[in-house]
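Visitor: Task: produce atomic coordinates for the following.
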Amino acid sequence: MTSKGKARPGRFLVPRRKLSWRCPRGWTSKPEHVPERPARLWCQPRVLADLQGAAAAFSKGVARHVEVSVPATPGWTPVVADALSGAGPIVHPLTRAGEDVLRGKGFPGALARADYGIVVMSVHDAHPPKATEALAEAVEAGSVLPLPKKKGEDDVDPAPAPARILLVVVGTDAALKKWRDDRPRVAAWFHRRIQVGSDTPATREHARLISERLRRFAAAADLGRPRVSALERLIEDAHAVARRGRLLDDTTFAEDVLLEAGPKADRDAVEAAIARIKHRRGGREQAHRERLANGRLRVRADGREIGVANGLMVYSSGRSAYALPGRISARVAVGREGVINVEREAKYSGRSFDKGVFLLSGFLRATFAHTAPLAVAASLAFEQSYGRIDGDSATVAETAAILSALSGVPCRQDVAVTGAMTQRGELLPVGSLSLKIEGWWRTCRDLGAGDAAGVLIPVANLPDLHLSADLVAEIEAGRFAVWAVSTIEEAIEVLLDRPAGELREGKYRRPSVYGRAAMTLNRMSARLYPPRPSRKAAAKAPAKAAAKAEETS
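Guide: From the prediction side, this is the model:
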């Protein structure tokens, strides 16, 4: 990119065909092969094979106790038990596993009754100390001591009951880690760890399996057979929520949509049902948007401002997540502090956020400190942010705010930006992209922004785009725009509407953003680090001073 000529941000516009993903025809037809059970693991063949392999090994006398890490959705214990059944040993799912249940009072408890069987239980039931002790006896000694029938019956010691079991503990990653940290001895029990994914590859076969699960749910709920267009829309929604090239394997939300849409739903009914459900569950987002509308949250969606860029922040998680803009401001002055992360100083930022600011500092040093140290104190802050903030997706916006403050070139306020960055100025992909774009579009609509408004994203995120039909229509009509760039220089061309500039013979040309920023930094450096006189000038200095004194006298 050269510093000559006018910036042309239009060349970074994303074409219509890349704005959204459509479910291909035939992806919702009946699958060629439907696994027997359980339906929740149809798209997880590796998990089924691992579970059945553990059961088969136990039937041969080899106990390889298993940890099963599952997504944070309820009801996984019976699903895992169902996947283990039929492989030989009897499966004993435990939905309530206190010490009295595990040991039994004067009679064999659940562990003794499961002798030579498979015990499947939630990590939350296994976590209490007394429950862990009972499990330790069964796992380490192959027997368990029942509790006395009544309190005080210590004169008759009950005999240990055999409890040779295969233990399968189900829980989220965080819950399993907490159990191991609180009870260090349990880490040695497990020889296998099985990970149940929350998503699955976006293939024709997996889409058909998910569609079959939804058809069976509709039949069981007396909703009739959903139309092909309805299933296609639900597959598109599963693709939008999951990672790139993946489909969300959890059909809970899709089932809620079918219940809302009613019998024999089509695409329009599903679309309307999704909108109604999101509206009902969007109370927190609506409260935030009311604060935006009445000015309590200060955000501009028009004009230009020096040292201010609009970033995009994601609130909450899962289906209740939403995105809102956040003003990122930068102020610069002469100093030795470098980039000051206000959020870090206030202990509001996480490690990923701090790392992004450190990478920004490295980029500034490599770009402008070729011949002299940076003599700048630049403070960065998320305005009106009063909670913990993390992630490096604001790095590009922070860089644009600092460069705007250094160069004096105002930054566009009708454009929001998301993207991480390397020290070389290369843009990296970020998460929740479609959610962020939709959030800024709604903000621009609420604040009455002009037709030039839009969002700047990394090129690497293009395959992740899945925008709503309403937003795609706005983009096609020219009332909103999405730009995709690969470097910070290209991002500057869009946000500051001026070329960044090229380094030629150790200098940047003045009209460019880098040229103006370099001039400011050079003036700051001259104030803080004044140039030293040469040896010849230093030798002549006393003679000059004496001559001047003589003239004065």
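
Visitor: just checking, W440 is part of a helix?
Guide: Yes - with the criterion set as DSSP: H, G, I helix; E, B strand; the rest coil, the secondary structure at W440 is a helix.

Visitor: any idea which helix or strand carries the nearest residue to it once chain neighbours are set aside?
Guide: Sequence neighbours aside, A416 is the residue nearest to W440 in space, at 4.3 Å (criterion: CB to CB, 6 or more residues apart in numbering). Backbone N, C-alpha and C define where each C-beta goes, glycine included. Here A416, judged by DSSP states H and E, is contained in strand 415-417.

Visitor: pLDDT of that strand, averaged?
Guide: The pLDDT scores in strand 415-417 average 96.

Visitor: Over to stretch 204-223?
Guide: pLDDT averaged over stretch 204-223 gives 95.

Visitor: And for stretch 182-196?
Guide: If you average the pLDDT over stretch 182-196, you get 92.

Visitor: Listing request: residues of the protein with sub-threshold pLDDT.
Guide: Low-confidence segments of the chain (pLDDT under 70): 1-9, 150-157, 532-553.

Visitor: So which bits of the helix or strand hosting E255 are buried?
Guide: Per DSSP H and E: E255 is located in helix 252-261. Residues F253, A254, E255, V257, L258, E260, A261 are the ones in helix 252-261 that count as buried (16 or more other CB atoms under 10 Å).

Visitor: Following element in sequence after it, please.
Guide: Following helix 252-261 toward the C-terminus (DSSP H and E): helix 267-281.

Visitor: Who are the packing partners of the next helix or strand after that next one?
Guide: Using DSSP H and E, the helix or strand that follows helix 267-281 in sequence is helix 283-293. With contacts defined as 3 or more CB pairs under 8 Å, 6 or more residues apart in numbering; DSSP states H and E, helix 283-293 has these neighbours: strand 308-315, strand 322-334, helix 433-447.

Visitor: Need the ones you listed in CSV (columns: distance to E67).
Guide: As requested, the helices and strands packed on helix 283-293 are exported to CSV (distance: least, CB to CB, whole Å):
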stretch, distance to E67
strand 308-315, 30
strand 322-334, 34
helix 433-447, 32
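
Visitor: Save the ones you listed as a markdown table, and put in distance to Q286 and mean neighbour count too.
Guide: A markdown table is the format used below for the helices and strands packed on helix 283-293 (distance: least, CB to CB, whole Å; neighbours: other CB atoms under 10 Å):
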| stretch | distance to Q286 | mean neighbour count |
| --- | --- | --- |
| strand 308-315 | 12 | 23 |
| strand 322-334 | 9 | 20 |
| helix 433-447 | 11 | 22 |
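
Visitor: Of the ones you listed, which is nearest A159?
Guide: strand 308-315 (57.8 Å; CB to CB).

Visitor: For the closest one, what is the distance to the chain centroid?
Guide: Distance of strand 308-315 from the chain centroid (CA atoms, centre = their mean, to the nearest Å) equals 15 Å.

Visitor: outside of it, which residues touch it?
Guide: The list of residues contacting strand 308-315 from outside it, by CB atoms under 8 Å, 6 or more residues apart in numbering, reads 284-285, 288, 299-301, 321-330, 382, 385, 389, 393-394, 397-398, 400-401, 404, 411, 413, 415-418, 431-432, 435-436, 439-440, 455, 495.

Visitor: and if you look at stretch 421-430?
Guide: 356, 359-360, 362-363, 366-367, 391-393, 395-396, 399, 418-420, 458-461, 464, 485-489, 491.

Visitor: Which members of those are classed as buried?
Guide: By 16+ other CB under 10 Å, these give 356, 359-360, 363, 367, 391-393, 395-396, 399, 418-420, 458-461, 464, 485, 487-489, 491 as buried.

Visitor: Out of the residues you listed, list just those in strands.
Guide: The strands, defined by DSSP state E, take in A420, P458, V485 from the buried ones among the contacts of stretch 421-430.

Visitor: residues in contact with the second one?
Guide: Contact analysis of P458 by CB under 8 Å, 6+ apart lists V396, T418, G419, A420, L427, L428, P429, V430, A484, V485, S486.

Visitor: Same question for E67.
Guide: Contacts of E67 (CB under 8 Å, 6+ apart): V169, G171, L176, F190, R192, R193, I194.

Visitor: and which of those is nearest to W76?
Guide: Closest approach between these and W76, by CB to CB: G171, at 8.2 Å.

Visitor: Give the bridge partners for that closest one, please.
Guide: S69 (DSSP bridges).

Visitor: coming back round to it: let me have the ones in strands among the buried ones among the contacts of stretch 421-430 in TSV, extended by distance to M121.
Guide: As requested, these are arranged in TSV below (distance: CB to CB, whole Å):
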residue	distance to M121
A420	41
P458	44
V485	51
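
Visitor: A110: which of these is nearest?
Guide: A420 (49.6 Å).

Visitor: I'd like to know how far that closest one sits from K264.
Guide: The gap separating A420 from K264 is 45 Å, by CB to CB, to the nearest Å.

Visitor: which non-adjacent residue is nearest L94?
Guide: M121 (4.3 Å).

Visitor: Repeat that for M519.
Guide: R510 is the one closest to M519 (CB to CB, 6+ apart), at 6.6 Å.

Visitor: Kindly confirm whether my reading is correct that the one you found touches T520.
Guide: No - applying CB atoms under 8 Å as the test, R510 and T520 come out as separate, 11.2 Å apart.
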